[in-house]
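> Just a sequence and a predicted model for now, questions to come.
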Amino acid sequence: MFMWAIAVAGRDGVGFGWVETGVGVIECGVLEVWTAVAVWVFTGVEDDSDSQGVVEQKYKPPEPAAWLNSLLSSLWPIVNPSLFRSLADMLEDVMQASLPKLVRSVRVADLGQGNKSMKILARSEEGDFANFEVAVACRARPTTATGGGLRKRSRNAHLLIEFRTAGGIEIPAWVEVTGFLATAKVGVQLTPFLGLAKLTLLGQPKVNVSCVPLAKNFWDLPVVIRYLQKSIDEAVGLYVTLLTGREKMDTESVGVIVIRKWLSEKKKRGDPYVTVGWGKYGKGMWTTRVIESEGEPVWDETNAVLVGPLEVNADENLRLQLWDSDRGTADDVLGAVEVPLKDVMSYHVTKNRMSAREDPLCDFEGKPCPGFLYWDVGYFSKLSLDDHLLKLSNERSEEIIAGSPPNGDWPSGILSIKIEQITGLEVEHIRESGIREGSEDEEGGDISSAYCTIIQKVYKTRTKLKDNKPFFDAGTERFLRDFRTTSVIISVRDHRPHESNPLLGIVVVPLPKTSSSRSQLTSSFPLTGGIGYGRLRLSLSFRSVQLRLPPQLLGWNIGTLEISPHATASVNLPDGLKTNRLVFRTMYGKRKLFPDSSSPGTWNRKRRERPIRLAVCKRYASCLLVQFRQYSIGPDTTSAFCTLWFKDLYDDEEVELELPVRRKIGDAIHRAVRNAVDEGEVVGSLKLGLRYYPGLSGDHQSLASSDKDIADVMEVLGAAEDAKEVESIPSADSSSSSSSSPDDDDDSTNRDSKYDDGKRGFKDKLKEYKQNRKDLHRRHRGLMQWRAARKLAWV
């Protein structure tokens, strides 16, 4: 129309031609405005100009992607920013790992996607389901560096990053995403509604950022911009993985390898121990105890190693290495044994069963070394569905297994624990009365820096600095001997500099109760027993493996051994031994029984009918030693002994055992304690009543002073007991400390309640305070409510 008007202007009758030309120009302008409005409505493309007024050239998407862009443009401003929290979480970890020395910590304080949506450049469909391959791009609106304020800057995708220096100074940085380009595969399953959505990024997306100064132009330095760009690229690279909107229904591990190490023959004496790991990965996954001054060590220890898809795809080798422990220098490798993992998984002798092996030791080049290794190995896969269920799809099979309770006939299996997020995290204000009104403060100075720990020494998350909604999305997998006696306990602590990290709360998940109806659980649990409030969201998934361990191997590795206060000797025991006193020893304590002069061949405790209680750690690698000690001038001597390996005991079962008494000849007692062997001359037997209680008790309290891990676990269990999440922890015997002597037995501290007159004097109050002091300090009550006292206690 416009060209026709120009042509008319060149003819005779110029007056009429100019009129026609004006009408044509007006009509053309109206048509152009209408076309621009239509494009804006159907494609969501806006005309933006920079500070110089240069109009940005727009990309026109193909028609199949136009309606998707229109929908995305409408929904983008109202998308929940928490969907991108996992990317910000990865960025925090990457930046924290490469901080300069002057900067102590960093956190992503805010993440916003802006109100300008990404654009789909192309789309293609394939398959019977709604499968798309899309190319997505986004370019930020041009803004001035200092004009417009944060409101105008927030129109584009952005990050607010706060750096904390060693002096506690916070330096904020506003990072703006100026460009983004990525290709991805999107799968949508309609059954008939939206049932499953998957997103797979095809390669690492390209991200361009710019750092906008908020106060001074410090962030204009090229080195700072390069550091931020590198960190974002690494975080985006970690994000290139399969994303799914469905809960995790199964474990990553496909099975377990159970190894039982018997003995080694190497003739040369040393301090040997064996490590188990992967040949290509190199890192050891499990180690035996060190047997000192031994040439033919006998361990008889059993443990399991998880097998995941990474090990299978890498064609890993199962490696066992024999080491010689040295105190002053590095340990020496005495030899190794390597077996292909796929052979163990597929060979009929080792598939879902144990097989004995005898392998010669070799060095890293395959040359033979002196000695042999005798061991048992077997691969045990996860339980599968019956034949009629195997015809279903993989996703449906996983849902059926996750929705059904674990099989009690197969109690051993793999437990997957994933800690997702804590919401509404807040610290209790001890010295404030009433309830604080108002919404949760997300920027206050008393926000916690939380981290989670799965006891005991199972897994620890990273610390999320100053966040009342910390997002972890981290987890681990572990092999369980028996899920029917397992409880998952997670502690949440607040990381505080120059102060002991206080306990914000705990979460106790008893597997027998939670797995009564299904094998997979995703839920939120309140934090209890600490100084904070909040809800922890976690996901648990248990899968049984086709392994039946002996009942004595289904127990706990930590427990308490209770011994009857009376012991009886056999008739054939020499009379000289019947007058000796008995000393019961473990790795963490000792107790005594004294001979009864009125009844030779019997032993009792002095002035007490209470049983002997001894703390046990590393149960499957330690034993009980009973020594027959006789009085002599100088140090007492041991003339005979008994040994009992804890791996042969059942949990929570009272038994009467008759232990063989062996005469001490040479180093027989040392070899019997370090090696799982029955050697030596038997001269009689000793009859005892025993019971092994699984788990920690008050008898382990003496270990807390030297072992920080035990101290943390004892504190967590105390909090769980106060919150009624677990049963009361059995208290220790008043004389159960390894430093006390049985001769000092005193019943005066255990007064009968009938003599209590109900009055509480100063001494009674002081005694009660000492008993409850740890609980008060854990809850920041009493003296520990003051920060100065907590810092002084930390020093």
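Sure, I can see it.

> In the stretch 251-400 of the chain, mark out all the strands, start to finish.
255-265, 272-278, 284-287, 298-307, 317-324, 332-340, 355-362, 368-381 (DSSP state E, counting those that start in this stretch).

> now swap in the stretch 551-700 of the chain and tell me
Using DSSP E, counting those that start in this stretch, the strands of the stretch 551-700 of the chain run over residues 559-563, 566-569, 581-586, 589-595, 602-604, 612-616, 623-630, 637-645, 655-663, 682-694.

> now those strands in JSON lines, with distance to Ser541, mean pLDDT and mean neighbour count?
Just so you know, the C-beta spots here come from the backbone N, C-alpha and C atoms, and that holds for glycine as well. Shown next, in JSON lines, are the strands of the stretch 551-700 of the chain (distance: least, C-beta to C-beta, whole Å; pLDDT from 0 to 100; neighbours: other C-beta atoms under 10 Å):
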{"stretch": "strand 559-563", "distance to Ser541": "27", "mean pLDDT": "93", "mean neighbour count": "22"}
{"stretch": "strand 566-569", "distance to Ser541": "47", "mean pLDDT": "92", "mean neighbour count": "20"}
{"stretch": "strand 581-586", "distance to Ser541": "36", "mean pLDDT": "93", "mean neighbour count": "19"}
{"stretch": "strand 589-595", "distance to Ser541": "39", "mean pLDDT": "91", "mean neighbour count": "19"}
{"stretch": "strand 602-604", "distance to Ser541": "51", "mean pLDDT": "92", "mean neighbour count": "18"}
{"stretch": "strand 612-616", "distance to Ser541": "31", "mean pLDDT": "92", "mean neighbour count": "24"}
{"stretch": "strand 623-630", "distance to Ser541": "36", "mean pLDDT": "92", "mean neighbour count": "20"}
{"stretch": "strand 637-645", "distance to Ser541": "34", "mean pLDDT": "91", "mean neighbour count": "19"}
{"stretch": "strand 655-663", "distance to Ser541": "36", "mean pLDDT": "93", "mean neighbour count": "16"}
{"stretch": "strand 682-694", "distance to Ser541": "24", "mean pLDDT": "93", "mean neighbour count": "18"}
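
> For Thr183, give the beta-bridge partners.
Judged by DSSP bridges, the bridge partners of Thr183 are Ala135.

> State the distance from it to Val545.
39 Å (C-beta to C-beta, to the nearest Å).

> Any stretches of the stretch 101-250 of the chain with poor pLDDT?
101-102, 113, 115-118, 121-131, 143-154, 166-168, 189-199, 212-223, 237-247 (pLDDT under 70).

> about what we covered before: settle it for me: which of Thr183 and Val545 has more neighbours?
More crowded of Thr183 and Val545, by other C-beta atoms under 10 Å: Val545, with 25 against 16.

> Run a quick check on that one versus Leu415, I expect a contact.
No: if you go by C-beta atoms under 8 Å, Val545 and Leu415 don't touch, sitting 11.1 Å apart.

> Which strands and helices lie in contact with the helix or strand containing Met95?
Using DSSP states H and E, Met95 sits within helix 85-97. Judged by 3 or more C-beta pairs under 8 Å, 6 or more residues apart in numbering; DSSP states H and E, helix 85-97 is in contact with strand 103-112, strand 158-165, helix 222-239, strand 471-480.

> Ok, which of these comes nearest Val256?
Closest to Val256 of these, according to C-beta to C-beta: strand 471-480, at 5.4 Å.

> Tell me what angle the closest one forms with helix 85-97.
90 degrees (axes from the mean of the first three to the mean of the last three C-alpha atoms, to 10 degrees).

> quick one: strands adjacent to strand 471-480?
With DSSP bridges as the test, strand 471-480 pairs up with strand 413-427 (antiparallel).

> Next, the angle from the helix or strand following the strand it pairs with to strand 471-480.
Helices and strands here follow DSSP H and E; after strand 413-427, the next one along the chain is strand 450-454. Taking the same axes, to 10 degrees, one finds strand 450-454 and strand 471-480 inclined to each other by 10 degrees.

> ok, residues contacting strand 450-454?
Around strand 450-454, the neighbours that count as contacts under C-beta atoms under 8 Å, 6 or more residues apart in numbering are 417, 419, 422, 425, 459-464, 467, 470, 472, 476, 488-495, 504, 536, 712.
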